[in-house]
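Student: just coords:
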């Protein structure tokens with residue numbers, strides 16, 4: 001009896017080791033590495049942005065991702081939001097500041113907001129992969145859930161399981177969710193956007209923003225209050241309003 005228990009425990013431990021090695025190889029291929037604490041993180045990890053209002057040289061004709069947007073494509077100003085689902089400051093922006101921007105500028109066609117996922121860790125990457133499989137008319141509703149429930153899933157014993165439960169509430173079956181989490185094409189696209197953000201835009205943390213108009217594209221890193229965003233947006237709109245009145 002005792003020997004059988006020992007055999008079962010040994011078999012379980014062996015399976016965990018094999019799973020860990022397989023997971024390591026898979027995540028390594030996706031651009032992750034094992035840190036000193038034994039956690040998988042993305043290579044050249046960005047951090048939660050602490051500095052605010054950083055000035056950057058933005059490459060001319062840089063191709064910002066356009067996949068997920070709120071507002072009119074004809075809006076004179078576009079705000080690109082680079083955000084990680086596990087980033088606390090990103091959640092604060094999305095839940096507290098963005099609704100005010102939407103109310104004052106997006107709903108009247110003055111600003112378009114483009115959301116670009118920039119995962120900082122494996123949990124955020126899983127969240128981003130699942131979000132890509134949600135019906136796109138429900139994408140931002142799902143994003144809201146991810147940020148509202150951020151601490152619940154990010155601190156859970158099995159974050160992926162909790163994330164899949166939220167995805168199920170948005171209509172994504174467990175089987176489809178598992179396929180999404182293993183989608184190499186989507187993972188490669190997300191990681192390419194992340195690589196471009198780090199190497200070309202020199203993003204060093206999240207949230208990071210780029211406010212673009214015919215006048216210029218301006219970079220802002222870190223969480224700013226709505227009033228500060230409004231000042232920047234109004235400055236861009238003033239140039240548009242001047243041209244429109246001529």
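Tutor: Thanks, I have it. Here the structure is a predicted model, which means the values were calculated and not measured.
Student: make it CA atoms for all contacts and neighbour counts henceforth
Tutor: Fine.
Student: burial count for residue 177?
Tutor: For residue 177, the neighbour count with other CA atoms under 10 Å is 23.
Student: can I assume it is in contact with residue 164?
Tutor: Yes - taking contact to mean CA atoms under 8 Å, the distance of 6.5 Å between residue 177 and residue 164 places them in contact.
Student: shared neighbours of the two, anything?
Tutor: Listed contacts common to residue 177 and residue 164 are residue 130; contacts here mean CA atoms under 8 Å, 6 or more residues apart in numbering.
Student: contacting residues for the closest residue to residue 106 other than its chain neighbours?
Tutor: With CA to CA, 6 or more residues apart in numbering as the criterion, residue 106 has its nearest non-adjacent residue at 5.3 Å, and that residue is residue 71. With contacts defined as CA under 8 Å, 6+ apart, the neighbours of residue 71 are 106-107, 109, 111-113.
Student: From residue 99, how far out is residue 71?
Tutor: If you measure residue 71 against residue 99 using CA to CA, to the nearest Å, the figure is 12 Å.
Student: Residue 211 now?
Tutor: As for residue 211, its distance to residue 99 is 17 Å (criterion: CA to CA).
Student: Which one's more surrounded, these two?
Tutor: Per other CA under 10 Å, whichever of residue 211 and residue 99 has more neighbours is residue 211, with 21 against 14.
Student: What helix or strand is that one located in?
Tutor: Per DSSP states H and E: residue 211 is located in strand 208-212.
Student: Can you tell me what sits against that strand?
Tutor: For strand 208-212, the surrounding residues in contact (CA under 8 Å, 6+ apart) are 49, 77-83, 217-222, 233, 236.
Student: Nearest to residue 152 among those?
Tutor: Within these, the smallest distance to residue 152 is 18.3 Å, found for residue 83 (CA to CA).
Student: Relative to residue 238, how far out is that closest one?
Tutor: Computed with CA to CA, the distance linking residue 83 and residue 238 is 27 Å.
Student: Have a look at these two and say which one is more surrounded.
Tutor: Per other CA under 10 Å, whichever of residue 83 and residue 238 has more neighbours is residue 83, with 25 against 12.
Student: Near the residue lying closest to residue 240 once chain neighbours are set aside, how many other residues are there?
Tutor: In space, residue 240 comes closest to residue 76 once its chain neighbours are excluded; the distance is 6.9 Å by CA to CA, 6+ apart. Other residues within reach of residue 76, judged by other CA under 10 Å, total 19.
Student: same thing with residue 140?
Tutor: Counted with other CA under 10 Å, residues neighbouring residue 140 total 17.
Student: and what of the one 5 residues further on?
Tutor: Around residue 145 there are 15 other residues, counting by other CA under 10 Å.
Student: Ok, residue 138 next?
Tutor: The local packing of residue 138 (other CA under 10 Å) involves 12 other residues.
Student: and if you look at the one 5 residues further on?
Tutor: The tally of other residues near residue 143 (other CA under 10 Å) stands at 19.
Student: do residue 129 as well
Tutor: One way to gauge burial is a neighbour count; for residue 129, by other CA under 10 Å, it gives 23.
Student: same deal with residue 66?
Tutor: Number of residues near residue 66 (other CA under 10 Å) recorded here: 11.
Student: Now do the contacts for it.
Tutor: Under the criterion of CA under 8 Å, 6+ apart, the contact partners of residue 66 comprise residue 114.
Student: does it count as helix, strand or coil?
Tutor: coil (DSSP: H, G, I helix; E, B strand; the rest coil).
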